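Novice: structure for this input, please:
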Amino acid sequence: MSPQAPRRPSIEAAEIAGRRAVMARDAGLRRISRVTRRVIVGAVALSGGLAVTAANAFHGHTIVTSPPVTPATQPSSATTQPSSASTQSPSSGLEAPAQTPAPTPVQPVVVSGGS
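Specialist: Numbers count the residues shown, from 1 in each chain. I've put the predicted structure just below:
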């Protein structure tokens, strides 16, 4: 017999197999982590791209209002002219209403779900 101590092949093989399993698991976790990061980045980029496309496709509406004409803001030439309907031409524009509109009370509409 040889003077060397007998080796335990089953322990060394099990230890090597265990190390390989740990290395394979770690490599798989790294791969899944990379894939997850790429999917998240892609989803955020796609969402942003769709948001920009929708914003360009559906423009908002701009409401332009002019300040109301009051005697204090009218030009001095307009206050010196007589205010008769016969002197104004039909193409002069819109006229102010004789009486300002009053808000009307509206009861809230309540609709409950049901059959």
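Novice: give me the distance between residue 52 and residue 38.
Specialist: From residue 52 over to residue 38 the distance is 21 Å, taken as CB to CB, to the nearest Å. (C-beta placed from N, C-alpha, C; glycine too.)
Novice: next one: residue 59
Specialist: Residue 59 is 34 Å from residue 38, by CB to CB.
Novice: look at the two and report which has more neighbours.
Specialist: residue 38 (10 against 7; other CB atoms under 10 Å).
Novice: what's the helix or strand for the more buried one?
Specialist: helix 9-57 (DSSP states H and E).
Novice: same deal with residue 107?
Specialist: Going by DSSP H and E, residue 107 is not in any helix or strand.
Novice: who's in contact with it?
Specialist: By CB atoms under 8 Å, 6 or more residues apart in numbering, the contact list for residue 107 is empty.
Novice: okay, it: pLDDT?
Specialist: For residue 107, the pLDDT comes out at 79.
Novice: swap in residue 111?
Specialist: 77.
Novice: then residue 73?
Specialist: 52.
Novice: let's have the chain start at 12 instead
Specialist: Right, with 12 as the first residue, what we last looked at is residue 84.
Novice: is residue 113 in a helix, a strand, or coil?
Specialist: coil (DSSP: H, G, I helix; E, B strand; the rest coil).
Novice: count of residues packed around it?
Specialist: Around residue 113 there are 5 residues (other CB under 10 Å).
Novice: swap in residue 24?
Specialist: Based on other CB under 10 Å, the number of other residues close to residue 24 is 10.
Novice: mind checking how far it is from residue 31?
Specialist: 11 Å.
Novice: name the residues contacting each of these two.
Specialist: By CB under 8 Å, 6+ apart, no residue touches both residue 24 and residue 31.
Novice: now do the helix holding residue 49, average pLDDT.
Specialist: 93.
Novice: so which elements touch it?
Specialist: Packed against helix 20-68, as judged by 3 or more CB pairs under 8 Å, 6 or more residues apart in numbering; DSSP states H and E, are no other helices or strands.
Novice: give me the number of residues near residue 37?
Specialist: Residues lying near residue 37 (other CB under 10 Å) number 10.
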